[in-house]
Structure formats: C-alpha cells, structure tokens
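# Structure for this input, please:
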Amino acid sequence: VLPVMPSLLRLVDLLQEPPPRGVPIKDRTDFFATYHNCFVAQELVEWMLARLPTLLHRRADAVRVGQQLHDEGYIVCAMPEPRPFADDRTYFRVEDAYVRHVAAAPP
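I've put the predicted structure just below:
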C-alpha cells in the first residue's frame with residue numbers, strides 16, 4: 001500500500017498541535033517588529049520531513065507542499081512584504097479561518 005499524503009486542511013490542523021507534535025507557533029520579534037502567532041518556514045519544512053518521511057524525501061518536496069499551503073490560502077506570510085514560501089527564516093501564520101490551536105510554545 002502506498003502512503004497517502006494527508007489533505008492540506010489536515011496538515012494545517014496537525015502543524016498547529018503543541019510542540020513537539022506540531023510546529024512552534026508563537027510571537028516573534030525581528031528588527032523591532034513583533035509578528036504574532038507565527039512560525040518559521042524552515043521549521044515547517046523540517047517538521048514535514050520528520051512527520052511525513054515516507055512521502056517527502058527531500059527539502060524541496062516539503063517546500064513544494066509549503067508553497068501549496070500558501071497558494072491555497074491555508075498559510076500566509078506574516079512579514080510586511082509578502083514572500084513566497086521557501087526554506088528560510090521567513091515568518092508565516094495560519095490563515096485565521098483555519099486556526100485550530102492558539103500558540104502554546106514559550107517565547
């Protein structure tokens with residue numbers, strides 16, 4: 001039986017689980033600006049590789065899924081100048097309509 005990729009909605013729900021099951025979602029400060037309830041794109045890539053090792057074999061595979069989450073409106077760039085999803089330190093947040101859990105990670 002081939003492994004099946006969870007739906008994007010299910011993936012968004014899973015990533016919001018409190019760490020270590022989910023991605024650390026918390027307020028972050030960068031250059032004197034605070035971004036609320038967000039996560040680092042690179043951490044989402046690492047999380048997807050750890051959670052879906054039979055489906056995603058390379059970082060590029062996880063980046064494609066992250067970009068799909070972004071393209072379909074499940075996650076949005078939290079930075080003042082929106083950026084595409086990439087394997088970097090850009091902050092993203094779950095779109096309000098899909099928020100399931102409020103951040104529980106310590107600052």
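
# and stretch 27-36, how far out from the chain's middle?
The gap between where stretch 27-36 is centred and where its chain is centred comes out at 17 Å by C-alpha atoms, centre = their mean, to the nearest Å.

# gap between the residue nearest to Glu72 when sequence neighbours are not counted and Tyr74?
Sequence neighbours aside, Leu8 is the residue nearest to Glu72 in space, at 6.1 Å (criterion: C-beta to C-beta, 6 or more residues apart in numbering). Any C-beta I mention is one placed from the backbone N, CA and C, and that applies to glycine too. Per C-beta to C-beta, to the nearest Å, Leu8 is found 6 Å from Tyr74.

# The two: who's more crowded?
Tyr74 (20 against 17; other C-beta atoms under 10 Å).

# For the more buried one, give me the pLDDT.
Note on Tyr74: pLDDT of 96.

# go on, Pro107?
47.

# nearest residue to Met48 other than its sequence neighbours?
Ala62 (4.2 Å).

# Now do the host helix or strand of the one you found: which elements does it pack against?
In the assignment (DSSP states H and E), Ala62 maps to helix 59-71. If contacts are counted by 3 or more C-beta pairs under 8 Å, 6 or more residues apart in numbering; DSSP states H and E, helix 59-71 sits against helix 8-15, helix 41-51, strand 75-77.
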